[in-house]
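K.L.:
Curious how this folds, go ahead:
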Amino acid sequence: MTRYSIEDIQEEARQLVQQGKVDRKQRIYTLCQYLPSGEWSCIEMELERHDFLLRDCIGDLIPTQEWATD
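P.N.:
Residues are numbered from 1 along each chain as shown. As a prediction, this is how the structure comes out:
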C-alpha cells in the first residue's frame with residue numbers, strides 16, 4: 001500500500017482541478033473516482049487527521065496560490 005501524505009492528496013486534487021476533471025466546488029469524496037480504490041481508506045484517514053471531511057469542498061483542500069506582484 002502506498003502511503004499518501006496530505007501534500008500528496010492536495011497535489012492530486014490540484015492536478016485534477018487544473019485538468020478540468022473536478023471542480024473546486026465539488027465535495028472531496030469526488031476524488032475517490034480518481035484515486036486508487038485500495039488506498040481510499042488510508043487517504044480518508046489522512047484527510048481526517050488534518051480535519052478535512054469528505055463533504056468539504058475540494059477548494060478547501062487546495063490552498064490558494066499566492067502570486068507575487070512584479
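
K.L.:
rest of the way, CA atoms for contacts and neighbours
P.N.:
Fine.

K.L.:
so where do the strands sit in the chain?
P.N.:
Secondary structure of the chain (DSSP state E): no strands present.

K.L.:
Next, the buried residues of stretch 35-42.
P.N.:
Trp40, Cys42 (16 or more other CA atoms under 10 Å).

K.L.:
and that stretch, average pLDDT?
P.N.:
Looking at stretch 35-42 alone, the average pLDDT works out to 86.

K.L.:
what's the span of it from first residue to last?
P.N.:
End-to-end distance for stretch 35-42: 11 Å, by CA to CA, to the nearest Å.

K.L.:
how close does Glu39 sit to Gly20?
P.N.:
Distance of Glu39 to Gly20, given as CA to CA: 23 Å.

K.L.:
my bad, Arg27
P.N.:
Arg27 sits 15 Å away from Gly20 when distances are taken as CA to CA.

K.L.:
the more surrounded of the two?
P.N.:
When Arg27 and Gly20 are compared on other CA atoms under 10 Å, the one with more neighbours turns out to be Arg27, at 18 against 10.

K.L.:
Can you check the pLDDT for the more buried one?
P.N.:
Per-residue confidence at Arg27 stands at 97 (pLDDT).

K.L.:
tell me the contacts of it?
P.N.:
The contact partners of Arg27, taken as CA atoms under 8 Å, 6 or more residues apart in numbering, are Leu54, Arg55, Asp56, Cys57, Ile58.

K.L.:
quick one: contacts for the fourth one?
P.N.:
Put plainly, it is Cys57. Under the criterion of CA under 8 Å, 6+ apart, the contact list for Cys57 reads Arg24, Lys25, Gln26, Arg27, Ile28.

K.L.:
pretty sure the last one is touching Ile58, no?
P.N.:
Going back to what we said before, that points to Ile28. Yes - with the criterion set as CA atoms under 8 Å, Ile28 and Ile58 qualify as a contacting pair; they are 4.9 Å apart.

K.L.:
Mind giving me the packing neighbours of the lowest-mean-pLDDT helix or strand in the chain?
P.N.:
Between all helices and strands in the chain, the lowest mean by mean pLDDT, DSSP states H and E belongs to helix 40-49, at a mean of 93. Where contact means 3 or more CA pairs under 8 Å, 6 or more residues apart in numbering; DSSP states H and E, helix 40-49 is packed against helix 6-18.
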